[in-house]
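1. sequence isn't available, so here's the structure alone:
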């Protein structure tokens, strides 16, 4: 554990590493003296940030890494994260944090594979204007909190070339049976990615108990015409219940003969 006298101490340290390609940042809850964490490394290709309870003091991350390909951010509280727009080589990003804001989402528009785990979905702030994930082909979203489908629909609308969609249940931040969820409202227009490009739809930990879950699943299946693989998995489910869920979902697929449907 290091404690820095001032913010520029870290910048001076990183400036002395002109060939650095991989950087792992681990910050403890007690803090390290840095409020503005600036990572400015032209050669950096992989960056992982794991911070415990950053929300106790305001902290921001400013990332200027034009060669960056892999990014993983895990924070227990949501600091401000700004990724330079020059990072156009980004291949994969995994974001796990309490809140997701427009600055962070807006700076990831060049990514090809994106995973989003959010703990307070009602605090998600979406980018405005013409933010489009024009290179995104694979998207993972965790369905752990009420109204997670708002983020899903935003991402579907903003990802015209999406081919793989994975919905994952986060057991640690799972929606409780007693929680009242916001009602699912079917969008008036179907996203381009569903109509023209989506080939794989996976839902791990599908419960099928909430009406909102069923409606989201049916909406995706009903509005895709190029699906090649559909996979739903659910633990602690009887064979009878599994078959009933399978029949209910299979009926809404447009092209059942050309699509592999698995319900494990």
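-> Sure thing, it's come through. In this text, all values refer to a predicted model and were calculated from it rather than measured experimentally.
2. which residues in this structure form helices?
-> 7-15, 102-106, 148-157, 192-196, 211-222, 239-250 (DSSP state H).
3. for the record, mean pLDDT for the third one?
-> Meaning helix 148-157. Across helix 148-157, pLDDT averages out at 88.
4. and the angle from it to helix 211-222?
-> Orientation check (axes from the mean of the first three to the mean of the last three CA atoms, to 10 degrees): helix 148-157 against helix 211-222 gives 20 degrees.
5. so which elements touch helix 148-157?
-> If contacts are counted by 3 or more CB pairs under 8 Å, 6 or more residues apart in numbering; DSSP states H and E, helix 148-157 sits against strand 113-118, strand 138-142, helix 211-222. C-beta here means a position set from N, CA and C on the backbone, and glycine is covered the same way.
6. report the contact partners of the residue sitting nearest the centre point of the chain.
-> The centroid of the chain falls nearest to residue 116 when counting by CA atoms, centre = their mean (1.6 Å). The contact partners of residue 116, taken as CB atoms under 8 Å, 6 or more residues apart in numbering, are 95, 100, 139-142, 151, 155.
7. run the last query once more with 10 Å
-> 93-97, 100, 104-105, 108, 124, 139-142, 148, 151-152, 155, 168 (CB atoms under 10 Å, 6 or more residues apart in numbering).
8. if any of those are buried, put those into a PyMOL selection.
-> Burial among these is assessed by 16 or more other CB atoms under 10 Å; the matching PyMOL selection reads:
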select buried, resi 93+94+95+96+97+100+104+105+108+124+139+140+141+142+148+151+152+155+168
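9. can you give me the strands in the stretch 51-200 of the chain?
-> Assigned by DSSP state E, counting those that start in this stretch, the strands in the stretch 51-200 of the chain fall at 60-64, 70-75, 80-83, 92-97, 113-118, 138-142, 164-168, 200-204.
10. okay, residue 41: pLDDT?
-> So residue 41 comes in at 90 (pLDDT).
11. pretty sure it sits against residue 84.
-> No - counting by CB atoms under 10 Å, residue 41 stays clear of residue 84, with 11.1 Å between them.
12. what residues are shared contacts of these two?
-> 63-66, 68.
13. by neighbour count, which of those residues wins?
-> residue 68 (27 neighbours; other CB atoms under 10 Å).
14. any idea how far residue 44 is from residue 230?
-> Distance, residue 44 to residue 230, by CB to CB, to the nearest Å: 38 Å.
15. so which of these two has more stuff around it?
-> Taking other CB under 10 Å, residue 44 and residue 230 do not tie; residue 44 has more neighbours (25 against 22).
16. mind listing what the more buried one touches?
-> For residue 44, the contact set (CB under 10 Å, 6+ apart) comprises 14, 17, 19-23, 63-71, 87.
17. 6 Å - rerun?
-> 20, 23, 65, 68 (CB atoms under 6 Å, 6 or more residues apart in numbering).
18. residue 229 and residue 260 touch, don't they?
-> Yes - counting by CB atoms under 6 Å, residue 260 is a contact partner of residue 229 at 4.9 Å.
19. picking up where we left off before, can you list the strands of the stretch 51-200 of the chain in TSV and add distance to residue 35 and mean pLDDT?
-> Converted to TSV, those look like this (distance: least, CB to CB, whole Å; pLDDT from 0 to 100):
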stretch	distance to residue 35	mean pLDDT
strand 60-64	7	85
strand 70-75	14	90
strand 80-83	11	76
strand 92-97	18	90
strand 113-118	24	90
strand 138-142	29	94
strand 164-168	33	95
strand 200-204	38	94
